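*Asks:* Give me a model of this one.
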Amino acid sequence: MVIEFNHSFHPGREQYGVPVKVREWIKNNPRATPFAQREDLYKAIEKGEIQEVKDRFLSVPHIHYWWRKLYKEKTYLSKDPWENAAHILEQHPMVHLFFVSLILDE
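*Replies:* Okay, here's the model as predicted:
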């Protein structure tokens, strides 16, 4: 038996959910790690880049969930896990492209 779960975009609950504007910001401003995503999101909120959003309801697990979901959509471009791994390594700030090209050339 195969079970597939999907979560469609919806406004969410104001007091506990992640507002659509925050989800859109995460989607349009992806970061390599959930920590970097959270830090930059808080900075964007402080600067007023995301209108009408307060960070008091944005928990670490909520931000991590949406980062992972949206990161997955942009990162796993293929059904081939090796192509996905190469794409992830190319995008990661701690990985130098020199090493990635050596792996792919072999």
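
*Asks:* Every contact and neighbour count from this point should use C-alpha atoms.
*Replies:* Noted.

*Asks:* what does the top helix by length along the chain contact?
*Replies:* With DSSP state H setting the assignment, residue counts place helix 60-75 as the longest helix in the chain. Residues outside helix 60-75 that contact it (C-alpha atoms under 8 Å, 6 or more residues apart in numbering): 17-18, 23, 26-27, 30, 34, 37-38, 84, 87-88.

*Asks:* Can you read off the pLDDT for the residue most central in space within the chain?
*Replies:* When the chain is reduced to its mean C-alpha position, the closest residue under C-alpha atoms, centre = their mean turns out to be Trp67, at 2.7 Å. As summarised for this prediction, Trp67 has a pLDDT of 89.

*Asks:* heads up, I number from 28, so please use that
*Replies:* Sure thing, new numbering starts at 28, so read that last one as Trp94.

*Asks:* So it versus Lys101, what's the distance?
*Replies:* In this structure, Trp94 lies at 11 Å from Lys101, with C-alpha to C-alpha, to the nearest Å as the measure.

*Asks:* May I have the residues that are in contact with Ala59?
*Replies:* Remark: with contacts taken as C-alpha under 8 Å, 6+ apart, Ala59 is in contact with 118-120.

*Asks:* check which helix or strand covers it.
*Replies:* Following DSSP states H and E, one finds Ala59 outside all helices and strands.

*Asks:* any chance you could map the strands in the protein?
*Replies:* Counting by DSSP state E, the chain forms no strands at all.

*Asks:* how is the chain carved up into domains?
*Replies:* Following automatic domain parsing, one gets these domains for the chain: 40-102, 105-133.

*Asks:* Most tightly packed of those domains?
*Replies:* Highest mean neighbour count among those (mean count of other C-alpha atoms under 10 Å): domain 40-102, with a mean of 15.

*Asks:* distance between that domain and the chain's centre?
*Replies:* Centre-to-centre, domain 40-102 and its host chain are 8 Å apart (C-alpha atoms, centre = their mean, to the nearest Å).

*Asks:* same thing with stretch 105-122?
*Replies:* In this view, stretch 105-122 has its centroid 15 Å away from the chain centroid, taken as C-alpha atoms, centre = their mean.

*Asks:* Lovely, talk soon.
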